[in-house]
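[1] have a look at this prediction, sequence included:
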Amino acid sequence: MYTTVWCGFCRRLKAQLERAGIAFREVDIEHDPQAAAAVESANGGNQTVPTVQLPDGSMLTNPTIDQITAVVPAQGS
């Protein structure tokens, strides 16, 4: 999950993922130029967060928890 420290949408999604039991790795695009470039590539040149990279490599921009749980199982499932 690509984020920034100031992003309220990111904080909300992280809390929802934790409640759903879905593991994720957080990457702050303000401290990782390669991550920023990946987000820009997925979002028409914009650094829109949260952007979530799914296990299959596809990206979702500002997804809902329902969009994620539809494709990513909770741990132990």
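    Structure received.
[2] state the three-state secondary structure for residue 18.
    Here residue 18 is recorded as helix under DSSP: H, G, I helix; E, B strand; the rest coil.
[3] an error on my part: the question was meant for residue 66.
    helix.
[4] and the helices in this protein?
    8-20, 33-42, 65-69 (DSSP state H).
[5] any chance of those helices in JSON lines, with mean pLDDT and mean neighbour count too?
    Where C-beta positions appear, they are placed from N, C-alpha and C, glycine not excepted. Shown next, in JSON lines, are these (pLDDT from 0 to 100; neighbours: other Cβ atoms under 10 Å):
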{"stretch": "helix 8-20", "mean pLDDT": "96", "mean neighbour count": "14"}
{"stretch": "helix 33-42", "mean pLDDT": "97", "mean neighbour count": "15"}
{"stretch": "helix 65-69", "mean pLDDT": "94", "mean neighbour count": "14"}
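[6] output the ones you listed in JSON lines, with distance to residue 51 appended to each entry.
    Shown next, in JSON lines, are the helices of the chain (distance: least, Cβ to Cβ, whole Å):
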{"stretch": "helix 8-20", "distance to residue 51": "10"}
{"stretch": "helix 33-42", "distance to residue 51": "5"}
{"stretch": "helix 65-69", "distance to residue 51": "12"}
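[7] out of the ones you listed, which comes closest to residue 53?
    helix 33-42 (7.5 Å; Cβ to Cβ).
[8] residues contacting the closest one, please?
    For helix 33-42, the external contacting residues (Cβ atoms under 8 Å, 6 or more residues apart in numbering) are 2, 27-30, 46-49, 51, 53, 59, 61.
[9] identify the bridge partners of residue 61.
    On the basis of DSSP bridges, residue 61 is bridged to residue 51.
[10] that one reaches residue 44, doesn't it?
    No. The criterion here is Cβ atoms under 8 Å, and residue 61 misses it with residue 44 at 9.7 Å.
[11] having no further points to raise, I will conclude here.
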